[in-house]
Structure formats: structure tokens, C-alpha cells
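Asks: Using only what follows, build the 3D model:
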Amino acid sequence: MKENAVLELRNICKSFPGVKALQNVDFTLCEGEIHALMGENGAGKSTLIKVLTGVYPKDSGTITMKGFDKPLNIKSPQDAQNVGISTVYQEISLCPNLSVAENIYIGRQKGSVLSWKKMNEEAQKVLDSLGIAVKPTQQLASCSIAVQQMVAIARAVDMQCKVLILDEPTSSLDENEVEKLFVLMRNLKARGVGIIFVTHFLDQVYEVCDKITVLRDGTLVGEYTISELPRVQLVSKMLGKELDDLSDIKGDAAVFVADENVPPVFEAKGLYSDADIKPIDFTIHKGEVNGFAGLLGSGRSECVRAIFAADKVLGGEVKMHGKPVKITKPIDAMKNGIAYLSEDRKRDGIVGDLSVRDNIILAMQVKEGLFKPISKAKATEYANKYIELLDIKTASVNTPIKSLSGGNQQKVLLGRWLLTNPEYLILDEPTRGIDVGTKVDIQKLVLKLASEGMSVTFISSETDEMLRTCSRLVVMRDRKAVGELSGEELSQNMIMNTIAGGEANGTD
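Replies: Below you'll find the model as predicted:
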């Protein structure tokens, strides 16, 4: 093994029916190193992690670790844990109904008598040593997502892990929580733990990582130190092509001027729901891309859920094309030409066991009614149309959607709503957790749809993405609108100042 290496993977291959997921991939992790594993969705990152942790058996190749004389044969996640490899996933696999201490030690008690006092004391020592500010007796469900992830990391550390895999740990965290996680990661690095960091956030990679390994289409592109790989080159290597300056994505769509003689496509006055948002006034015109900006928890998602009646609407007036309409449930919104892609594709979007075809036609079938079933031939025709239009990577229309990468699942959901031919499309975090290339594709698609007359509300936690796509932003804070920006006002500084300053340019 390489000097100072704690883990080496050599010539790892893994195939699924019709797909070579990994082809002779090498990966080296050193002690006390934070190493980013980067690539587009479908590049092979998740497959490599699952091979390393025993979820998938490898077809060929070797896995070696410091302290072991011969290559490892990891057949299960338990095998991985036994040799010192622990994983903390984006979806936390702990027990929310148990206490913090119970989650740290569950499944590891020896003997029939458990000393609760001793367990809590030991848990407190672990938490203190890692700087995690939570009581061991506190129920996990009462903790923030960030603290839950830190508890999962504390469990891994207490099990003497040599390798810690963090799979998209920051996707649901705000900036302060991310910084706390980074402090913990640096703490573990100083102890000699090797950390594999899987993320789509480029800024975070350059803030906390030492090295980057890039995969593309199941093959190794290369391993680089942070200092030798500028961001533009990283994106280029991930995509396998030179990336145009993203600031040019808008082109002529940067300026939108509404026709004042034509009523807005959608207009709400005093709209609010049971999700504890303050009454909001909101309009969108034909061919406009606008959005809700604000920090995590500011009420962005709650506003669009009220528009679609995904939450119970408690008050307010809604008009379509200047005429009052009643939208009290999602089917009302759909019948009025509104489509809504929610921020949580796993909870509210995909039906994992259904095929790509069945997922694409789902909204159309609901809109048409269960007594007007779409024929299999027609459904296949629809599915093939959007697979081609959106460049969805799938073996066939019959492939279960759960087998697709996150980015391709998101494209299927986009296809689902585009099939309903909406006038007004709401996209809440459509690019969260997907690769840079697919993000660019979706942003370009949004602007293309707008140029063809569709109205689009676009929400993203990445401010620069909002600025590239939207011509007008409603700024949210504390679940109410505190400003509206357009034209030359659209900048990161103005958004942050409006959030911090309250009622500037107020649309309260």
C-alpha cells in the first residue's frame, strides 16, 4: 500500500444488466485526509461506496486497508463496520424515537443487564470529545437534522472507525449547520480518520477537502489535490467537455417585461395556509421566470405549496388570467393548468417500484381521471418522448425509477409534469443533489419553456442559480415576504441585504 494510506481500492469493476457501472476504478484514501468523491449522477460514486461497504458485491478488483495483511472480502455493511468503515447517509438511518445515547450504542450492548447511567455517561464523553452540543438523554427526533447527522458520526467514531464515508451530508443543512459539521470533520481529520466526502456543492469541496477523485461514466478520470484543480477544470472533468461560462446561460432571457395590458397568468392576494406563512401577494406573467429567495426555513416552499394547495389553504384570493378561481386541493390546481415539482422527490415525487413509464404518466392519469385509463401503447409513446426530450438515461421505459440516478429521477418527474402541458410550472429545488451538468440542462430547459410562453416559479437554495434563471425574486424571511427584486437589483448582495434588512423594497 501507498505510504500513509488507510484504504486502497484497485481495478474495481461492477456491472448490472446492460450497464457497466464501474470499470477498473482506483481510489486511495490517506490517514487524516478529507477526500471528495465527485462526478455527475450516474458517474459511479454511489456504486463505488456500496461496493466498499458491502451493499453490492464487486465483480473484480481488490480492497486493502491498513492493519490487514491481505485484501478484504466485504460482503455486508456489518463486515465493513467490523474492519473500521462507517457510513453516514443523507437519509439518516437512526431511530428517532430513541435517545441520543441509545442511538450511539444500539445493537452494541453486551450482557443482559444494561446500565442506563453508564451508557449516558459514556455517550456524554463521546459527544463532548467531538464538540456536539446535545444531551445524551434527549430524544433524537427532537434534534435538528444536523445534530442527528453528528450523532450518527459520533456512533461511527465510538466504533473506532478508520474510514468515515459522508454521503451528501449537507444537502438539508443551512450554512451554520454546515460549518458545525465541517468543524467536526476537521476534528476527526486531526485524529487521523480518513473521510470520504460525497457532495455536489463545489464551494464546500474547496473549503474542507484535501483531495478530489473524479469519476465519469463509471471510469476514473483522476485524483487531484485541491490546489492543482481549479473549479472550472473540475466541472470540465466531471462533464468531459469544456463548460460555457454559466453566467451566460440566460442570454437574451435576462430581461423580462410584462405586458401590462394582459392580466397575470396567476395572481394571489392575501394567500396563506396552515403551514404558518404570513398572507402573501404574488403574481406571475406569461413567459416569466420568477422565484422565492430566502434562507432555509424562510417560507419559500410553504408559499408554493399554498399556491398548489398542497397544504390546506386558509385564506386569500386567487385569479387565473384575471378571473377568480377556487383552488383548495392539488387536483384543482392541475385542472387550472398548474404543475408542481416538490423539493423532496423521494417523499412526494417518485414511486420507486413503478417503471419510468408509469412515473411519467402518473400526473396525466390523475388529471384525466381513473375512469379514463391511458393505454400502455400511449403511455409508452409519452414516456419515450420525454426520455428523448430530457435525455433521461434509462435502459428502457420499463426500468424501475428507483434504479435511476438522482438526476435522472428528477428528469422523469419533470417529464411527468410537462406531459400535463401546464401554463404555470412550479419547481421547488429541482436541482438539489444532482450533478452540475444536469443542473445546467434543467436551467436551460426552464428558460426555453419560458421563451415558449410557459410561466415558471423556480426555487433554489443556491443563490447564483436563482440569479441565472429568474428575472424577479420575492425575498422571504421568517415566513413572510420582505422584499421584491428585479432588474439591476438582482444580485447576491441585494438578496442578503434584503433578508437582513427586513422590509426593504417591501412586499409585506
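
Asks: Tell me the gap between stretch 361-368 and the middle of its chain.
Replies: Averaged C-alpha coordinates place stretch 361-368 at 26 Å from its chain's average position (C-alpha atoms, centre = their mean, to the nearest Å).

Asks: Could you list the buried residues of that stretch?
Replies: Neighbour counts over stretch 361-368 (16 or more other C-beta atoms under 10 Å) mark 361-364, 367 as buried. Just so you know, the C-beta spots here come from the backbone N, C-alpha and C atoms, and that holds for glycine as well.

Asks: repeat for stretch 18-25
Replies: 21-23, 25.

Asks: Export the residues you listed as TSV, with columns for secondary structure.
Replies: Formatted as TSV, the buried residues of stretch 18-25 follow (DSSP: H, G, I helix; E, B strand; the rest coil):
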residue	secondary structure
21	strand
22	strand
23	strand
25	strand
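
Asks: Of those residues, which is the nearest to residue 235?
Replies: Of all the buried residues of stretch 18-25, residue 25 has the smallest distance to residue 235: 20.4 Å, by C-beta to C-beta.

Asks: Give the burial count for residue 294, as a bare number.
Replies: Using other C-beta atoms under 10 Å, residue 294 has 26 neighbouring residues.

Asks: List the contacts of it.
Replies: 300, 475-477, 499 (C-beta atoms under 8 Å, 6 or more residues apart in numbering).

Asks: closest to residue 44 among the buried residues of stretch 361-368?
Replies: residue 362 (29.1 Å).

Asks: Need the residues that contact stretch 412-422.
Replies: 334, 337-341, 345, 349-350, 356, 359-364, 367, 382-383, 386-387, 389-390, 392, 401, 404, 425, 427, 430, 442, 445, 449, 454.

Asks: And that stretch, what's buried?
Replies: Applying a neighbour-count criterion of 16+ other C-beta under 10 Å, one finds 412-420, 422 buried in stretch 412-422.

Asks: could I get these as TSV with distance to residue 9?
Replies: As requested, the buried residues of stretch 412-422 are exported to TSV (distance: C-beta to C-beta, whole Å):
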residue	distance to residue 9
412	31
413	33
414	34
415	36
416	37
417	40
418	40
419	41
420	45
422	46
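
Asks: in which helix or strand would I find residue 262?
Replies: In the assignment (DSSP states H and E), residue 262 maps to no helix and no strand.

Asks: what number of residues lie near it?
Replies: For residue 262, the count of nearby residues is 11 (other C-beta under 10 Å).

Asks: same deal with residue 270?
Replies: So residue 270, with other C-beta under 10 Å, has 12 neighbours.

Asks: Provide the strand pairings for whichever strand or helix holds it, with the direction of each partner.
Replies: According to DSSP H and E, residue 270 maps onto strand 266-273. Take DSSP bridges as the rule and strand 266-273 pairs in its sheet with strand 280-284 (antiparallel), strand 313-320 (antiparallel).

Asks: Could you identify which of these is most buried?
Replies: strand 280-284 (a mean of 21; mean count of other C-beta atoms under 10 Å).

Asks: So what's the model's average confidence on whichever helix or strand comes after that one?
Replies: Sequence order places strand 289-293 as the next helix or strand after strand 280-284, per DSSP H and E. Averaging pLDDT along strand 289-293 gives 93.

Asks: go on, stretch 240-253?
Replies: pLDDT averaged over stretch 240-253 gives 50.

Asks: now this structure, which segments are flagged as low pLDDT?
Replies: Within the chain, the stretches with pLDDT under 70 are 41, 90-92, 108-114, 172, 241-255, 296-297, 345-346, 433-434, 501-508.

Asks: 50 instead, please
Replies: For the chain, the stretches flagged by pLDDT under 50 are 111-113, 243-248, 252-253, 502-508.

Asks: before we move on, the earlier item: buried subset of the contacts of stretch 412-422?
Replies: Neighbour-count burial (16+ other C-beta under 10 Å) is assigned, among the contacts of stretch 412-422, to 334, 337-341, 345, 349-350, 356, 359-364, 367, 382-383, 386-387, 390, 392, 401, 404, 425, 427, 430, 442, 445, 449, 454.

Asks: Kindly export the strand holding residue 270 (C-alpha atoms) in PDB.
Replies: Extracted in PDB, the C-alpha atoms of strand 266-273 (Å, rounded to 0.1, in the frame of the first residue of the first chain):
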ATOM      1  CA  PHE A 266     -51.600  33.600 -11.900                       C
ATOM      2  CA  GLU A 267     -52.400  36.200  -9.100                       C
ATOM      3  CA  ALA A 268     -52.800  35.700  -5.400                       C
ATOM      4  CA  LYS A 269     -53.800  38.200  -2.800                       C
ATOM      5  CA  GLY A 270     -53.500  37.500   0.900                       C
ATOM      6  CA  LEU A 271     -52.900  33.800   0.300                       C
ATOM      7  CA  TYR A 272     -51.900  31.700   3.300                       C
ATOM      8  CA  SER A 273     -52.100  28.100   4.500                       C
END
